[in-house]
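S.K.: Fold the stuff below for me.
(2 chains, ligands or ions: 2)
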Amino acid sequence: MSAASRSFRCNTVNGKDTLLSKEIRLMQGNEAIAEGAIYAGARFYAGYPITPSSEIAEVCSQKLPKLGGMYIQMEDEIASIAAVIGASLAGAKAFTATSGPGFSLMQENLGLAVMGEVPCVVVNVQRAGPSTGLATRPAQSDIMQVRWGRHGDQTLIALCPSSVKECFALTVTAFNFAERYRVPVVLMPDEIVGHMRENVELPAPDALEVVNRKTPTGHPADYKPFQADEDGIAPLAAYGSEYVFHVSSSMHGLDGYSNNDPNNAAWRIRQLHEKIARHRDEIVLTQTFDTDDMDVLLVTIGATTRSGRAAAIEARKRGVKAGVLQLQTVWPFPDREVAELGQRAKRIVVPEMNYSGQIADEVLKAVGPDMDLRRVNRYNGTIINPQDILAEIFDAA
Amino acid sequence: MAHATGMKYLKGGILPHMWCAGCGIGIMLGALLRAFEELDYAATDTVVVTGIGCTGKADDYLVTNALHTTHGRALAYATGIKAYNPKLHVVVLMGDGDGVTIGGNHFIHACRRNMDLTAIILNNFNFGMTGGQVSGTTPQECHTSTTIYGNPERGFDICALAETAGANYVARCIPYYGWEMKETMKEALTQKGFSVVEVVSPCPTHFGRRNEMKGIPDMLHWLRDRAVAVDAYRNLPESERGERLAIGTFVSRDFPDFNTRYESVRSRAQQG
Ligand SMILES: Cc1ncc(C[n+]2csc(CCOP(=O)(O)OP(=O)(O)O)c2C)c(N)n1
Ligand code: SF4
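M.R.: Ligands and ions are numbered 1, 2, ... in the order given. The predicted structure follows:
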């Protein structure tokens, strides 16, 4: 299957049309994330306020109690993600939202969610740093923090929306991935996407697939919370059910009890990585625009996708065939999709809102060092505009 | 009724345990499991949440539900569990490092929130697992591996902190009085709202040998000689309280717990 045919359009998720209902609302990205979470079945939110994510908390505080769910404001982000993990193990679809500094605080406990294979969703509305930085300004500089911020040898899934509509749809996808693969999923819009307002047609309640975690069915005495099925995923019981189980931040065996045997440790680490790797093609979501015939490929995430599309359209008007590959899944990195499209292009341009070229470096890894790869970086808290990108498309193109 | 042993909550074939001879953690766990048995707790609706440290290893020995968390964060995890499923008995086992040093912020907020949790803090006055470094409860002037010239800081009084921060139930026990410890655990478990049981038991391996408790009997005698029932302690003139250690139940009150208050929030939200 080619990368282009595996990608999905903005208004479909997992092959389903998301636009079945007529309810159209002017909505903010953050609000769409909260709505998407509720649609996916989230009933527990624990968080700590931080710009530019606070609207997600505010919507949840209004809506969740009405639905019999719970909003709880914890004492900090460390506690927030801990409470989310606790609630998830008690059976909830649970999530939290934060931004750079708060996300940094969550990392250790997010590692526990990886290790304990606890489904949960963390929204990191990316803002400019380092440190408190430009607190209310956008950035796309947490790419590597999301991937590698936790200690140890671990991995998770990260998704990045570029529009309000995608905020909704990818939040549903984030919960589905978390539940299906027993893994924390990070949704990482940038501040522009989190705060922009657009008309969104909300999908009807059954229009999108909503996945619930696999629970055990055998005899309670035989239940082992880390014994994977054929698909590499172990069923997860809830505290309070007839299945009694242990979850541990320490290295543990199939039964969840701590186990320091080297063979066991190697098996656990492999299992955490391989369960994601073997489902990689279902997890990696990309979207393409005008890539059927192109000489220049733009690889984008989040809000820069929009500038990238505008630049590509303008470039075609001026006679250069440009196309856009948007990475909706950031981790695992869509390396095969990038490589497939990349080899059909003469040049790749990667616009991103950071100094270090965090996406560009991954693209380079995928296409090899001989590619003519141009970086467009902006790190002053303002958006990359189409002109910035056009300059790299045209320069000696 | 036969005497409760608590054995049915212990994993078979796991003994001997990892704790040093004379460590109070085993006595504390024994009292807790006997309390479980006398209260007829089922493993299915009991969750033991532990932090990191010698005390935090307790989940390895249990057949109840368990969650072994990160250092200092056990209360926050337990908050999520209990908030989502109020029917569960959620018990949190921590050292003083976990409970009130790295976890101090979670501790005061758990008290304030008055979550219906039972927090048991084994206060051994130091960080046991990492080799006896100074803790937030190490008394002033005491010697630890990182305060060999004496601790310049004051130590927390865990019970006073819990009382002020709003816990519904606050008690202190010592391993010299094992039966009373079990009775205290039962009270703590059955009291609605946030319950704190501080078990004072200096770490014999690291703390005792540096602080005039060379052997395990010295530690127990040190505790016995200082311990006074809380009512008697309150009647002592300030000048005589100095070296004394009040034990027993300090606080037992019935402020509404978090989940009860949240229910009224929900019903307002659903009407409005
Ligand atoms: C975030 C973090 N910091 C430090 C440590 C190292 N560490 C492990 S146990 C411990 C202290 C344990 O002391 P306490 O909680 O009092 O338990 P005890 O061993 O005395 O029972 C520390 C600092 C850690 N595991 N995680
Ligand atoms: S080091 Fe101290 S706290 Fe740890 S088991 Fe030994 S006596 Fe107990």
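
S.K.: Next one: B:Cys20 from ligand 1, what distance?
M.R.: Separation of B:Cys20 from ligand 1 (Cβ to the nearest ligand atom, to the nearest Å): 11 Å. C-beta here means a position set from N, CA and C on the backbone, and glycine is covered the same way.

S.K.: Backbone dihedrals for that residue, please?
M.R.: phi -70, psi 160 (degrees, to the nearest 10).

S.K.: Verify the contact between it and B:His206 for me.
M.R.: No: with contact defined as Cβ atoms under 8 Å, B:Cys20 does not reach B:His206; the gap is 9.2 Å.

S.K.: Could you show which parts of the stretch 251-397 of chain A are in contact with chain B?
M.R.: A:Gly256, A:Tyr257, A:Ser258 (Cβ under 8 Å from any Cβ of the partner chain).

S.K.: hmm, try it at 10 Å
M.R.: Contacts of the stretch 251-397 of chain A with chain B, taken as Cβ under 10 Å from any Cβ of the partner chain, map to A:His252, A:Asp255, A:Gly256, A:Tyr257, A:Ser258, A:Asn259.

S.K.: now the residues you listed in CSV, with secondary structure?
M.R.: Converted to CSV, these look like this (DSSP: H, G, I helix; E, B strand; the rest coil):
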residue, secondary structure
A:His252, strand
A:Asp255, coil
A:Gly256, coil
A:Tyr257, coil
A:Ser258, strand
A:Asn259, coil
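
S.K.: Give the intersection of the neighbour lists for B:Cys20 and B:His206.
M.R.: Common neighbours of B:Cys20 and B:His206 (criterion: Cβ atoms under 10 Å, 6 or more residues apart in numbering or on different chains): B:Gly128.

S.K.: sorry, back to before: derive a PyMOL selection command for the buried subset of the residues of the stretch 251-397 of chain A next to chain B.
M.R.: Burial among these is assessed by 16 or more other Cβ atoms under 10 Å in any protein chain shown; the matching PyMOL selection reads:
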select buried, chain A and resi 252+256+257+258+259
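
S.K.: between the residues of the stretch 251-397 of chain A next to chain B, which is closest to B:Asn85?
M.R.: A:Gly256 (18.6 Å; Cβ to Cβ).

S.K.: Now do the same contact list for that closest one.
M.R.: Here A:Gly256 is in contact with A:116-117, A:223-227, A:234, A:244-248, B:59, B:65-68 (criterion: Cβ under 10 Å, 6+ apart).

S.K.: Nearest residue to it in space, please, no chain neighbours.
M.R.: Spatial nearest neighbour of A:Gly256, excluding adjacent residues (Cβ to Cβ, 6 or more residues apart in numbering or on different chains): A:His246 at 3.5 Å.

S.K.: same question, B:Lys214
M.R.: What sits nearest to B:Lys214 in space, not counting adjacent residues and going by Cβ to Cβ, 6+ apart, is B:Gly208, at 6.9 Å.

S.K.: ok, the one you found to chain A distance?
M.R.: Using Cβ to the nearest Cβ, to the nearest Å, B:Gly208 is found at 27 Å from chain A.

S.K.: what's the burial count for B:Ile148?
M.R.: A count of nearby residues for B:Ile148, using other Cβ atoms under 10 Å in any protein chain shown, gives 9.

S.K.: distance of it from ligand 2?
M.R.: Separation of B:Ile148 from ligand 2 (Cβ to the nearest ligand atom): 18 Å.

S.K.: same question, A:Asp335
M.R.: From A:Asp335 across to ligand 2, the span is 47 Å (Cβ to the nearest ligand atom).

S.K.: Let me see the confidence value for the closest residue to that residue other than its chain neighbours.
M.R.: Spatial nearest neighbour of A:Asp335, excluding adjacent residues (Cβ to Cβ, 6+ apart): A:Ala366 at 3.9 Å. pLDDT for A:Ala366: 98.

S.K.: isn't A:Ala366 right next to A:Val299, touching?
M.R.: Yes: between A:Ala366 and A:Val299 there is a contact under Cβ atoms under 10 Å: 9.2 Å.

S.K.: neighbour count winner among these two?
M.R.: A:Val299 (30 against 21).

S.K.: what is that one paired to in the beta sheet?
M.R.: Beta-bridge pairing for A:Val299 (DSSP bridges): A:Leu325.
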